[in-house]
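> Quick one: sequence plus predicted model below, questions after.
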Amino acid sequence: MPASPVPDQPSTPSGVPSTAQAGADRSPGAAPGGAPDTGGSVRRSLPGNVVRGALIGVVETVPGVSGGTVALVVGIYDELINSAGHVVSAGKRLLLGPERAAGARHHLARVEWRIVLPVAIGMVAALLTVAGPMSHLVEEYPVTMRALFFGMVLASVGVPLRLAGGALRARDAAVVAAATVLAFVLVSVPPTTVTPTPVLVVLAAMVAVSALLLPGLSGSFLLLTIGLYQPTLRAVDELDLGYLSLFLLGAALGMVVIVKGLQWLLDHHHRVTMLALTG
């Protein structure tokens, strides 16, 4: 009995099934390479991302704890850095590049808004809610508060190490050790007291936002070292729009400078970057 004919499949000139056909054959939960999308459904949870943002916002008010560390722990660090990089690129194309509107739309379409927007909402809500009480608690009970968050910092050490992948070699250990020494030097700088002039506020915000993007480096601790920790928390608690406008300007400038560098490092030197973040 003759075999029934097999329906023709759309193919490329070489006879290989087309990308569209391959995509149709792939299950909805599969990643582009055919691997299952593990963890993606969790990160797409809007309430979960609001909670993740709130955690980042809360720890950013605590000197010695990094919001970037929390982003690593909850599994959204790479997504936030890449999305921030595309936002920066969109602004750059809109101002300077050819086909400005189309170029900006291209980059904005690559931002993971289902992660970024809920995380931002959670961060802002946590900062507005926690800034006042946290300022009081850190001032009145510094040892207790640092001990409370020390466990989170300790638990986070293995996260970037695991993301680096592979066995730890001697060169890798040297990278971790060098980063650890640098972090120790930074957090050992004694705090100062200064007058919050506009220029200083902008510069301090640039430094603080870079720390927000770097796990293990606390933006609040850097503000404490500069002498602007209490003024900044007070400005948030009292909604001092003049101070906050200057701070947001500095944060935006710092974001432009640091985020593209981080995005490039994660794309081209992911293992070394994660090892350095471990330190």
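Nice, I can see it.
> residues near residue 206, how many?
20 (other Cβ atoms under 10 Å). All C-beta spots, glycine's among them, are computed from the backbone N, C-alpha and C.
> element containing it, please.
Secondary structure assignment for residue 206, by DSSP states H and E: helix 198-213.
> Please save the CA atoms from the helix or strand just after that helix in CSV.
Using DSSP H and E, the helix or strand that directly follows helix 198-213 along the chain is helix 219-226. Listed next in CSV are the C-alpha coordinates belonging to helix 219-226 (Å, rounded to 0.1, in the frame of the first residue of the first chain):
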residue,chain,number,x,y,z
GLY,A,219,24.4,53.7,48.1
SER,A,220,23.2,54.6,51.6
PHE,A,221,26.6,53.9,53.1
LEU,A,222,28.3,56.1,50.5
LEU,A,223,25.8,58.9,51.4
LEU,A,224,26.6,58.3,55.1
THR,A,225,30.3,58.6,54.3
ILE,A,226,29.8,61.8,52.3
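> how far is helix 219-226 from where the chain is centred?
18 Å (Cα atoms, centre = their mean, to the nearest Å).
> Now do that helix, average pLDDT.
For helix 219-226, the mean per-residue pLDDT is 77.
> ok, now stretch 75-92?
Stretch 75-92 comes out at a mean pLDDT of 83.
> Same question for it: list its buried residues.
76-92 (16 or more other Cβ atoms under 10 Å).
> which intervals of the stretch 101-250 of the chain have sub-threshold pLDDT?
135, 138, 145-146, 148-159, 163, 186-194, 211, 216-217 (pLDDT under 70).
> give me that answer again for 90
Applying pLDDT under 90 to the stretch 101-250 of the chain flags the ranges 101-116, 123-241, 250.
> need the helices for it, in chain order.
Secondary structure of the stretch 101-250 of the chain (DSSP state H, counting those that start in this stretch): helices at 113-140, 142-156, 158-164, 170-187, 198-213, 219-226, 229-238, 241-268.
> Make CSV from the ones you listed and add distance to residue 107 to it.
Formatted as CSV, the helices of the stretch 101-250 of the chain follow (distance: least, Cβ to Cβ, whole Å):
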stretch, distance to residue 107
helix 113-140, 12
helix 142-156, 30
helix 158-164, 25
helix 170-187, 31
helix 198-213, 18
helix 219-226, 26
helix 229-238, 30
helix 241-268, 12
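> Buried deepest among those, which one?
helix 219-226 (a mean of 23; mean count of other Cβ atoms under 10 Å).
> which strands and helices sit next to it?
Judged by 3 or more Cβ pairs under 8 Å, 6 or more residues apart in numbering; DSSP states H and E, the packing partners of helix 219-226 are helix 198-213, helix 229-238.
> and the direction of the longest one versus that of helix 229-238, what angle?
What separates the directions of helix 198-213 and helix 229-238 is an angle of 90 degrees, with axes from the mean of the first three to the mean of the last three Cα atoms, to 10 degrees.
> can you state the direction angle for helix 198-213 and helix 241-268?
Going by the same axes, to 10 degrees, helix 198-213 makes 40 degrees with helix 241-268.
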